[in-house]
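J.: need a structure here:
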Amino acid sequence: MSHLDPRLAAIDFARLARWIHQQGVADGEIGTPTLLAGGTQNLIVRFRCGHRELVLRKAAATAYADGNETMRREARVLAALAATPVPHARLVAACAEDAVLGGAFYLMEPVDGFNLGVGMPQPHAGDPALRRAMGFAMVDGLAALRQVDHVAVGLADFGHQGRQQEGYLARQVDRWRAQLESYVRYAGWPGMAGLPEVDALGCWLQQHLPASFRPGLQHGDYHLKNVMFRHDGPGLAAIIDWELSTIGDPMIDLGWLLATWRDADEPLHGSPIVVEPWSGFPTAAELVACYAERTGADVSQAHWYAVFACYKLALLLEGTYARACAGQADPALGQRFHDNASNLLLRAARWTA
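T.: Residues are numbered from 1 along each chain as shown. Next comes the predicted model:
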């Protein structure tokens, strides 16, 4: 397979095939591997083994976090979701060790759906009413996730449950401020001076903390491009990319959706998630009202969670810019992420005015 994309050529498909046979998943050689869109941190490969179609997910060689631990966590979440109504890719098998492919990985069933990161097909692209229903389907996904009893599905210790409630949200604000300050280790990063309102937003978040919450399974990166939609309607085929999942405050996922949502009447929406065409999608306020209806949750502080999500996402994006300043990431990507971070902080500042 020397003609393959170098990222595919680095995978020992013969060894993978032997492991698949040993697991009783499928028989036969692996053929037609195709690299799917998955960013720079993960490899997602669809292939056929015998008569079965499978999808492999493992950390890329360029991953800067602990990719092996991420794969183990993702596989654990997918296994836990098997008997729940949460739309997800079905886990087939997982390998937590390095011996087979040089790192942890898992196999899942292919999802019959499309991702907005690679475009919007017909009939969705031509039907504003269908797009409106797609927006509310995002809330349906959050409602299904909120219904999961994380203790009953074996995730009681997934997010260090004992530390989750008292002071959890305050610690979250401090944690991401500390993350931002840690970027000084990257030579060339100009520091926090280039990020508008970051100090004021941190203070506002601490001063307006929600009083309490009920812990639950949190996706951690819930937005329009981390789901797959059904081809035959507006519903979700699967929620994908569980690498930031934990046990925390489920309202943070709603905030993340709001922070990355585009409202047509805003002069600068500040969202790094761009989807076209946009006409027909519900407003952020309609999403909040739908969430309250679907879950029965108190949404009176939804704006706090939206501001926090803008803050956290901005500080995460700034990390790529800092690495780019030090020559460890693509300069154009770093600048784009820095611009997105600035826009997110300005958006949050308008919400707190």
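
J.: going forward, measure contacts between C-alpha atoms and count neighbours the same way
T.: OK.

J.: roughly how far apart are His338 and Asp174?
T.: 21 Å (C-alpha to C-alpha, to the nearest Å).

J.: how close does the residue lying closest to Leu201 once chain neighbours are set aside sit to Ala306?
T.: In this structure, Leu201 finds its nearest non-sequential neighbour in Ala349, 6.8 Å apart by C-alpha to C-alpha, 6 or more residues apart in numbering. For Ala349, the distance to Ala306 under the criterion C-alpha to C-alpha works out to 11 Å.

J.: more crowded one of those two?
T.: Ala306 (25 against 19; other C-alpha atoms under 10 Å).

J.: quick one: which helix or strand includes that one?
T.: Here Ala306, judged by DSSP states H and E, is contained in helix 302-325.

J.: if we can go back for a sec, dump the residue contacts of the residue nearest to Leu201.
T.: 197, 201, 307 (C-alpha atoms under 8 Å, 6 or more residues apart in numbering).

J.: point out the least confident one among these.
T.: When these are compared on pLDDT, Glu197 comes out lowest, with 93.

J.: next helix or strand past the helix or strand of the chain with the lowest mean pLDDT?
T.: Within the chain, no helix or strand scores below helix 6-9, which has a mean of 81 by mean pLDDT, DSSP states H and E. Along the chain past helix 6-9, the next helix or strand (assigned with DSSP H and E) turns out to be helix 13-22.

J.: which one is Gly280 nearest to, not counting chain neighbours?
T.: Closest to Gly280 by C-alpha to C-alpha, 6+ apart is Pro128, at 4.2 Å.

J.: what comes into contact with the helix or strand that contains Leu258?
T.: If you go by DSSP H and E, Leu258 is part of helix 251-259. Applying C-alpha under 8 Å, 6+ apart, the contact partners of helix 251-259 are 142, 218-224, 271, 284, 288, 302-310, 344.

J.: low-confidence ranges in the stretch 1-150 of the chain?
T.: 1-4, 38-40, 62-65 (pLDDT under 70).

J.: if we go to 50?
T.: Low-confidence segments of the stretch 1-150 of the chain (pLDDT under 50): 1-2.

J.: show me where it has its helices.
T.: Secondary structure of the stretch 1-150 of the chain (DSSP state H, counting those that start in this stretch): helices at 6-9, 13-22, 67-80, 128-146.

J.: the helix holding Ala306 relative to helix 251-259, how many degrees between them?
T.: In terms of direction (axes from the mean of the first three to the mean of the last three C-alpha atoms, to 10 degrees), helix 302-325 departs from helix 251-259 by 70 degrees.

J.: just how off-centre is helix 302-325 within its chain?
T.: Put simply, helix 302-325 sits 13 Å off its chain's centre (C-alpha atoms, centre = their mean, to the nearest Å).

J.: now stretch 93-103
T.: 23 Å.

J.: next one: stretch 289-300
T.: Worked out by C-alpha atoms, centre = their mean, stretch 289-300 lies 22 Å from the chain centre.

J.: and it, how far apart are its ends?
T.: 10 Å.

J.: distance check, the residue nearest to Leu201 against Gly154.
T.: From Ala349 to Gly154 the distance is 39 Å (C-alpha to C-alpha).

J.: repeat that for Gly248.
T.: Counting by C-alpha to C-alpha, the gap from Gly248 to Gly154 is 15 Å.

J.: quick revisit: of His338 and Asp174, which one has the most company?
T.: Ranked by neighbour count (other C-alpha under 10 Å), His338 and Asp174 place His338 first, with 23 against 14.

J.: in which helix or strand does the more buried one reside?
T.: With DSSP H and E as the test, His338 turns up in helix 331-352.

J.: what angle do that helix and helix 251-259 make?
T.: With the same axes, to 10 degrees defining the directions, helix 331-352 sits at 100 degrees from helix 251-259.

J.: report the mean per-residue pLDDT for helix 331-352.
T.: 94.

J.: now do the buried residues in it.
T.: Buried positions in helix 331-352, judged by neighbour count with 16 or more other C-alpha atoms under 10 Å: 331, 334-349.

J.: what's the answer for stretch 73-93, then?
T.: 73-81, 86-93.

J.: contact partners for the closest residue to Ala314 other than its chain neighbours?
T.: Counting by C-alpha to C-alpha, 6+ apart, Ala341 is the residue found nearest to Ala314 once chain neighbours are left out, at 4.0 Å. Going by C-alpha under 8 Å, 6+ apart, Ala341 touches 195, 313-315, 317-318.
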